[in-house]
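1. Got a sequence here, can you model it:
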Amino acid sequence: MSNCIGSITPADESRRFQAAAGPVIAQKTLGTFGTIMQSVGTIMLQWQQRAGQRTHLGTLDDRLLKDIGLSRADIEPEVSKPFWRP
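-> Numbers count the residues shown, from 1 in each chain. Purely as a prediction, here's the structure:
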């Protein structure tokens, strides 16, 4: 049983050191990295929403398009755009 405890202790020590160093590293390097990742996440979310909206717009029938004052010819340029174009 002492062998099990002995093998676990170094890992616990390593985790304790990482936990203590984590906030310092986060403050220095993850500030810029975190900002970049947040921006990338925001852009990807916008792309996903835009793609979904264009797909949904393309599925509307002519009656629903007429209700919102559009025709199939009006929506075709928007539906055919790639998701990254506004």
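2. could you point out the longest helix in the protein?
-> Looking only at the chain and at elements set by DSSP state H, the helix with the highest residue count is helix 30-59.
3. what's in contact with the helix or strand following it?
-> Helices and strands here follow DSSP states H and E; after helix 30-59, the next one along the chain is helix 62-67. By C-beta atoms under 8 Å, 6 or more residues apart in numbering, the surrounding residues in contact with helix 62-67 are 71-72, 74-75. All C-beta atoms are positioned from the backbone trio N, CA, C, and that covers glycine.
4. What's the first helix or strand after helix 62-67?
-> Sequence order places helix 72-79 as the next helix or strand after helix 62-67, per DSSP H and E.
5. That following helix - what's its average pLDDT?
-> For helix 72-79, mean pLDDT is 95.
6. ditto for stretch 41-56
-> Confidence over stretch 41-56 (mean pLDDT, whole number) is 96.
7. quick revisit: mind checking which of the contacts of helix 62-67 are buried?
-> Ile75 (16 or more other C-beta atoms under 10 Å).
8. any idea which of the contacts of helix 62-67 is closest to Lys81?
-> Relative to Lys81, the closest of the contacts of helix 62-67 is Ile75; by C-beta to C-beta it sits at 10.7 Å.
9. hang on, isn't that closest one packed against Thr59?
-> No - taking contacts as C-beta atoms under 8 Å, Ile75 lies outside contact range of Thr59: 10.5 Å.
10. Okay, buried residues for the longest helix of the chain please.
-> For helix 30-59, the buried set under the neighbour-count rule, 16+ other C-beta under 10 Å, comprises 50, 54.
11. Please name every helix or strand in contact with it.
-> Using 3 or more C-beta pairs under 8 Å, 6 or more residues apart in numbering; DSSP states H and E, the elements in contact with helix 30-59 are helix 72-79.
12. Having no further points to raise, I will conclude here.
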